[in-house]
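Asks: here are the coordinates; sequence isn't available:
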């Protein structure tokens, strides 16, 4: 019998802000940016959630529901630091830690009693350490599978602990609405409601053939998980990511080529710095563009030689952007840049120094300065609008960049 924990930090972004500024505690706080922009809520405090505010809600709607809320743009670098400390803390209890995002993770404590203690004691200790060492709160679910542990931690929120003992999984899940099952979205929920299925207990009782007819091969697993049967393992995060990306949504659609190139240059520098920090080079690059009508396109290319040099990344990305704008010059809502097919930071050196070597030395020197004095201590002139940017954050658990709001004139 397995012992699985799901640990989820409560209102993570807001909690980090409250740890930094205790005067925010007990107040409706929303992290997401300017409430007059068309951005969305990243995280809302529980005081704000009482007004019906939730993650992903347009900021304008949140402002109407709770005009007295405090709106913060957010500090993604600080959130990333808190996330790293959180996951490092969890690794003290078991080597089997699977990040499920910045603020949550699964732990397999099976057989770890000599190190972690009894599972329930380990869960209590983790919550206490998160509170005392990080000044954050965590909700924890303890069960025999990832699915049940996740649902239990959700039920324990905020700042709670819920154990589902072995053999009681189906009884615990039965009265819950089907939307509580991870992976059940609005379309699946609507399809199940159409046949009168609204609880996990009812879903668990459906014949396999009927579920297969409704949802294909995915159907039978729904009933299994609704009964608490989930054999998926806890998989530790690989030592190195498969890709690095940045993307951001503009406060208003942008057609100015100079502004778009400035944003793209900033993203290329950010991706390049992350590649160098990881000791990786990229062979494949991808440009992502989204227009005002939400039409999204991607354009990719493969480099002859893997690189992490900012200038090389930007020249390739600029070529993709120029080609895309020549075909469709409409204003853009979002722009993103990513690097993939990562390889070790090792290349065959030429007998004589060439330009790309000097560029890489320059990049590393800039990295050292920015690490010591801050990112804005040194900037290239091409990033004309950089002071007005709020760079998004790279999430090593999800392998993608989180959208941020970029306020350009």
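Replies: It's in. Quick caveat: nothing in here was measured; it's all calculated off a predicted structure. Numbering: from 1, shown residues only.
Asks: From here on, just use CA atoms for contacts and neighbour counts.
Replies: Noted.
Asks: chain center to stretch 78-98: distance?
Replies: 15 Å (C-alpha atoms, centre = their mean, to the nearest Å).
Asks: Just read off the phi/psi values of residue 127.
Replies: Residue 127 adopts backbone torsions of phi -60, psi -40, taken as degrees, to the nearest 10.
Asks: Does it touch residue 135 like I think?
Replies: No - using C-alpha atoms under 8 Å, residue 127 is not in contact with residue 135; the gap is 10.6 Å.
Asks: These two: who's more crowded?
Replies: Comparing residue 127 with residue 135 by neighbour count (other C-alpha atoms under 10 Å), the higher total belongs to residue 127, at 21 against 15.
Asks: how close does the more buried one get to residue 175?
Replies: According to C-alpha to C-alpha, to the nearest Å, residue 127 and residue 175 sit 27 Å apart.
Asks: before we move on, what about residue 108?
Replies: Noted for residue 108: a distance of 27 Å to residue 175, by C-alpha to C-alpha.
Asks: More neighbours: those two, which one.
Replies: Shown here are residue 108 and residue 175; by other C-alpha under 10 Å, residue 108 has more neighbours (25 against 13).
Asks: Can you find which helix in this protein contains the most residues?
Replies: With DSSP state H applied, the helix covering the greatest number of residues in the chain is identified as helix 257-278.
Asks: quick one: the helix or strand where residue 249 lies to helix 257-278, angle?
Replies: Under the criterion DSSP states H and E, the helix or strand holding residue 249 is strand 243-254. What separates the directions of strand 243-254 and helix 257-278 is an angle of 160 degrees, with axes from the mean of the first three to the mean of the last three C-alpha atoms, to 10 degrees.
Asks: and strand 243-254, what does it pack onto?
Replies: Taking 3 or more C-alpha pairs under 8 Å, 6 or more residues apart in numbering; DSSP states H and E as contact, the helices and strands that strand 243-254 lies on are helix 257-278, strand 332-344, strand 394-395, strand 400-401, strand 405-406.
Asks: how about a cut-off of 10 Å?
Replies: Secondary structure elements in contact with strand 243-254, counted by 3 or more C-alpha pairs under 10 Å, 6 or more residues apart in numbering; DSSP states H and E, are helix 257-278, strand 280-291, strand 332-344, strand 394-395, strand 400-401, strand 405-406.
Asks: Buried deepest among those, which one?
Replies: Among the helices and strands packed on strand 243-254, ranked by average contacts under mean count of other C-alpha atoms under 10 Å, first place goes to strand 405-406 (a mean of 24).
Asks: Mean confidence (pLDDT) on it, please.
Replies: Along strand 405-406, the predicted local confidence has a mean pLDDT of 34.
Asks: One more: stretch 2-13?
Replies: In this model, stretch 2-13 carries a mean pLDDT of 96.
Asks: And that stretch, end to end?
Replies: Taking C-alpha to C-alpha as the criterion, the two ends of stretch 2-13 lie 31 Å apart.
Asks: Give the burial count for the nearest residue to residue 116 once chain neighbours are set aside, as a bare number.
Replies: The shortest distance from residue 116 to any residue that is not its chain neighbour, by C-alpha to C-alpha, 6 or more residues apart in numbering, is 5.2 Å, and that residue is residue 93. Residue 93 sits with 21 neighbouring residues when counted by other C-alpha under 10 Å.
Asks: Show me what the helix or strand hosting residue 77 is packed up against.
Replies: Element membership for residue 77 (DSSP H and E) is helix 76-90. Where contact means 3+ C-alpha pairs under 10 Å, 6+ apart, helix 76-90 is packed against strand 4-9, helix 12-20, strand 97-101, strand 104-108, helix 119-134, strand 394-395.
Asks: Dump those to a markdown table, plus distance to residue 302.
Replies: Compiled in a markdown table, the helices and strands packed on helix 76-90 are given as follows (distance: least, C-alpha to C-alpha, whole Å):
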| stretch | distance to residue 302 |
| --- | --- |
| strand 4-9 | 38 |
| helix 12-20 | 36 |
| strand 97-101 | 29 |
| strand 104-108 | 34 |
| helix 119-134 | 42 |
| strand 394-395 | 22 |
